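*Asks:* Please work out how this folds:
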Amino acid sequence: ASSAHQKKLDAAAAAAAAITKAPINEGLSYERKKQRAKDARVKLNESIERLSIAINLAGSQSKERMKTHKGWSSPVGANAVNKKRPNSAIGQGVDNNNNNQPNSNHTSAAEIMGEVGKTAEEAKKWDRPSFVGTAASIVQHLNSECEALMRELVQMKKERIQWEKSNTDTCCIKKNSRDEALEFTVSVSESGSFDGGDRTAGVGFKNSNIDERSRKRAKVVTVRTTDIFDILRVERVVTAIGAFLDPRSIIQNMLVSQSWRCRLGPFKADTIWSPFCVNRFGAIQVREWKNRYDEEEMLTIDHSRDERNLMLTLYQQMNEANVKPKCHYEGLLHLGGGKIDNVVCAWVSLVERSNGETRRSVLSWKDNEVQYSSLPIVELRILMQNVGISSGGIYIPDQIISIDASTKRRGEEMFEITSDQRFAKKVINLDGSDHIESSSLTSTSSSDSGVKQLAKLGLFESVVITTYIHVKACPTTNKFKSRAKYVKILVNVRGTTLPLVVPMTS
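*Replies:* I've put the predicted structure just below:
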């Protein structure tokens with residue numbers, strides 16, 4: 001009886017222990033699942049933001065391409081380029097069986113570009129199922145746009161081949177008797193003899209009046225080849241070569257191999273990187289950062305003490321911190337900074353009024369009548385700098401700058417004022433002078449894509465863009481700062497338009 005009672009007590013104790021342990025284990029597993037779900041939500045929100053920026057970029061660029069495409073496909077432009085080319089074949093699908101007749105089954109590229117712009121405007125970031133469907137539709141439209149442009153390219157190539165063939169047939173002229181006689185002419189070599197001539201012509205100059213001594217007196221030029229590693233052994237020569245390179249090229253050369261990295265040690269010298277620091281960040285910023293870190297601390301960050309690479313380390317630290325050059329024409333209130341790594345950097349600032357209000361009188365047109373209305377307007381100044389592209393530079397296309405103020409429930413954008421010339425966009429240099437490109441925005445001031453440009457930046461060149469934004473429902477600058485999320489600026493790098501997103505810091 002006692003043993004049975006003891007077994008019952010042990011079973012009860014085991015059940016109680018299991019009950020006490022189970023909630024602890026379930027609690028730990030629940031916390032892990034909750035943390036994973038939280039991390040997944042953060043990644044999803046970041047992906048939705050990137051997708052929203054990509055959709056907005058696709059819509060705006062499609063509209064610009066549609067305008068350019070319609071300008072090229074006008075009858076005047078088409079006849080100026082090629083009078084034989086039918087106007088109906090430009091901007092439309094062309095039937096393969098008849099090259100001169102457009103195919104009605106194919107949608108024109110301009111129509112597809114318009115559909116992409118309309119679909120991008122209808123994107124609702126807060127409605128995620130609909131937003132994903134809109135993204136899928138835009139991908140399909142972009143694929144159709146590529147197919148339409150490819151059809152036009154093939155048609156243009158066919159027309160060019162036909163045009164060249166017709167010109168070749170009409171311009172073909174028979175050789176005259178003189179040209180046929182020239183085929184048997186004996187050529188004379190540079191040494192003055194006929195040894196280098198055509199011996200199959202049948203002309204009897206084989207053994208007549210040949211000066212053998214002239215051939216002996218011919219100059220013999222010997223070229224001595226020099227190995228690249230012989231040049232890299234001379235430190236002075238390597239330093240001189242590095243003075244003509246940009247930071248990106250120097251780093252790429254040092255990453256070729258371990259042997260090149262060892263031989264290109266002079267590329268790390270302060271004489272090379274000191275001008276880079278001053279040209280990019282300015283002498284004032286470089287002096288402040290040098291005073292912030294003493295020499296011993298800077299040398300022990302990434303390098304050993306026997307290497308004297310202070311300026312290289314300083315450049316790396318300032319590049320990671322995204323330090324901007326000093327400019328007296330920025331706003332007093334800094335809103336945020338962003339960059340495309342090793343390409344371009346941008347910093348946004350706000351010119352705040354003394355009373356903190358944003359109301360201004362703005363001219364507008366309604367029913368062909370001029371009227372003035374009081375609207376909330378803020379003045380933004382965007383400092384942009386080319387930090388890594390030396391070949392070709394960076395183009396800033398003409399664009400309508402906008403600020404995203406979307407929330408989880410609805411999307412909203414604040415655009416710049418275009419109706420009043422007093423609030424027109426301006427581009428100035430760091431010293432306050434007008435930028436050359438901004439003062440002559442004509443049809444000739446455009447990039448290769450046909451879009452007008454605001455500025456072209458060479459390596460380490462900077463400009464300040466002044467723009468006025470209509471901030472809806474923001475009577476004060478504090479309200480604007482709390483609602484603004486990021487500024488999107490388009491830049492053209494080597495023929496590719498990229499969005500530069502500058503997040504706002506509240």
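*Asks:* just the helices in the stretch 351-500 of the chain please.
*Replies:* 477-483 (DSSP state H, counting those that start in this stretch).
*Asks:* can you check the stretch 201-350 of the chain too?
*Replies:* Using DSSP H, counting those that start in this stretch, helices in the stretch 201-350 of the chain cover 212-216, 228-232, 235-242, 247-254, 258-263, 270-281, 283-292, 295-302, 310-320.
*Asks:* and the gap between residue 388 and residue 266?
*Replies:* 22 Å (C-beta to C-beta, to the nearest Å). In this view, the C-beta of every residue, glycine as well, is placed from N, C-alpha and C.
*Asks:* Have a look at these two and say which one is more surrounded.
*Replies:* residue 388 (21 against 18; other C-beta atoms under 10 Å).
*Asks:* Figure out the helix or strand that residue 34 lives in.
*Replies:* helix 2-72 (DSSP states H and E).
*Asks:* quick one: average pLDDT of that helix?
*Replies:* Mean pLDDT, helix 2-72: 76.
*Asks:* now swap in stretch 164-181 and tell me
*Replies:* 59.
*Asks:* which helices and strands does the helix holding residue 34 pack with?
*Replies:* helix 109-121, helix 128-170, strand 486-493, strand 496-503 (3 or more C-beta pairs under 8 Å, 6 or more residues apart in numbering; DSSP states H and E).
*Asks:* and the longest one with helix 2-72, angle?
*Replies:* Interaxial angle, helix 128-170 versus helix 2-72 (axes from the mean of the first three to the mean of the last three C-alpha atoms, to 10 degrees): 40 degrees.
*Asks:* So residue 131 sits against residue 44, correct?
*Replies:* No. Contact between residue 131 and residue 44 fails when scored by C-beta atoms under 8 Å: they sit 11.5 Å apart.
*Asks:* Compare neighbour counts for those two and give me the winner.
*Replies:* Set residue 131 next to residue 44 and count neighbours by other C-beta under 10 Å: residue 131 wins out with 18 against 11.
*Asks:* residues in contact with that one?
*Replies:* Contact partners of residue 131, counting by C-beta atoms under 8 Å, 6 or more residues apart in numbering, are 48, 51-52, 123-125.
*Asks:* Would you mind checking these for buried ones?
*Replies:* Applying 16 or more other C-beta atoms under 10 Å to the contacts of residue 131, the neighbour count classes 48, 51-52, 123, 125 as buried.
*Asks:* want to throw those into a markdown table with distance to residue 427?
*Replies:* Shown next, in a markdown table, are the buried ones among the contacts of residue 131 (distance: C-beta to C-beta, whole Å):
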| residue | distance to residue 427 |
| --- | --- |
| 48 | 33 |
| 51 | 31 |
| 52 | 27 |
| 123 | 30 |
| 125 | 31 |
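*Asks:* Just give the closest residue to residue 342, not the sequence neighbours.
*Replies:* residue 388 (3.9 Å; C-beta to C-beta, 6 or more residues apart in numbering).
*Asks:* got it, and residue 492?
*Replies:* Nearest one to residue 492, counting by C-beta to C-beta, 6+ apart, is residue 395 at 4.0 Å.
*Asks:* Surely that neighbour touches residue 491?
*Replies:* Yes. Under the criterion of C-beta under 8 Å, residue 395 is in contact with residue 491, at a separation of 7.1 Å.
*Asks:* Any regions of the stretch 301-450 of the chain where pLDDT drops low?
*Replies:* 301-308, 437-450 (pLDDT under 70).
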